[in-house]
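S.K.: Just the structure for this:
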Amino acid sequence: MITITGKKVAVIPIYDSPVSRGGIIKPSSYDYKRTIQRFDIYGSRNLSDHPTKIDECEDKDRANYLIRQFENRGYVYVHYKIKKVEAPIETMDAGERCDQGIVKYIGPLVKDVKIGDYVFFGGYSGTLMKIEGEGKLIVLREDFIECIFKEEHLVIPGVYFQDTHGDYFEVTYEQVMNVIAETFTLMNATVDVTPSIPKLEDYNVR
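M.R.: Numbering: from 1, shown residues only. Model prediction:
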């Protein structure tokens, strides 16, 4: 659990690559790299053995800590060598930058959104964080939130589905569209629908 301050919210990102087009644009075939200073730890078990690499890290203090740990475990000739290496940088391409998510934490001054709201925000808004035990969160100011999605199902009167228990329930527009989409997927074919234009007398206007 984390604590959010002021008028900020922490959002669980929902990635929708075909829709979310903000963020860092990079060719998908190109790997971004950075040069880092790596500390390779060397040591040996016996005085007669040549030291070999036994660990590595990216921090001098961590390297000194590892040296002490290996010495306590009986290693000899323990030391580190600094090596310049290229490491990949994790970047998100334009299709991965998120602009929607579910609010998980809110600050004490937040007024218009609440925990559990499905919200939309600008693709460049907020700070993406990776927190142990939490996963990915985007922290942003409440006023960066563009809108809150309120899901309301449109019931189609006179149309019903039957569940596995034999009970009937009213069909929603969303359910019908899901059935149609699934049907076209199973058919693995494109269907051209050219409905005729209804005439006025076709409607019951009485």
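S.K.: got the residue ranges for the strands in this protein?
M.R.: Applying DSSP state E to the chain gives strands spanning 8-13, 33-44, 52-57, 76-88, 100-106, 118-121, 127-131, 135-141, 145-149, 155-162, 168-172.
S.K.: Out of those strands, which gets the lowest mean score?
M.R.: In terms of mean pLDDT, the lowest-scoring of the strands of the chain is strand 155-162 (a mean of 71).
S.K.: want to try CSV for the strands of the chain, with distance to residue 182 as columns?
M.R.: For the C-beta atoms, the positions are set from N, CA and C on the backbone; glycine is no exception. Putting those into CSV (distance: least, C-beta to C-beta, whole Å) gives the following:
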stretch, distance to residue 182
strand 8-13, 27
strand 33-44, 43
strand 52-57, 50
strand 76-88, 39
strand 100-106, 24
strand 118-121, 24
strand 127-131, 34
strand 135-141, 30
strand 145-149, 23
strand 155-162, 14
strand 168-172, 14
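S.K.: what comes up buried for stretch 132-151?
M.R.: By 16 or more other C-beta atoms under 10 Å, the buried positions in stretch 132-151 come out as 137-140, 142, 144-145.
S.K.: Break this protein into its domains for me.
M.R.: 42-88, 155-202 (automatic domain parsing).
S.K.: And the pLDDT at residue 167?
M.R.: pLDDT, residue 167: 83.
S.K.: Tell me how many other residues crowd it.
M.R.: Using other C-beta atoms under 10 Å, residue 167 has 9 neighbouring residues.
S.K.: Let me know which of the strands of the chain is tucked in deepest.
M.R.: Comparing those by mean neighbour count (mean count of other C-beta atoms under 10 Å), strand 8-13 ranks first with a mean of 22.
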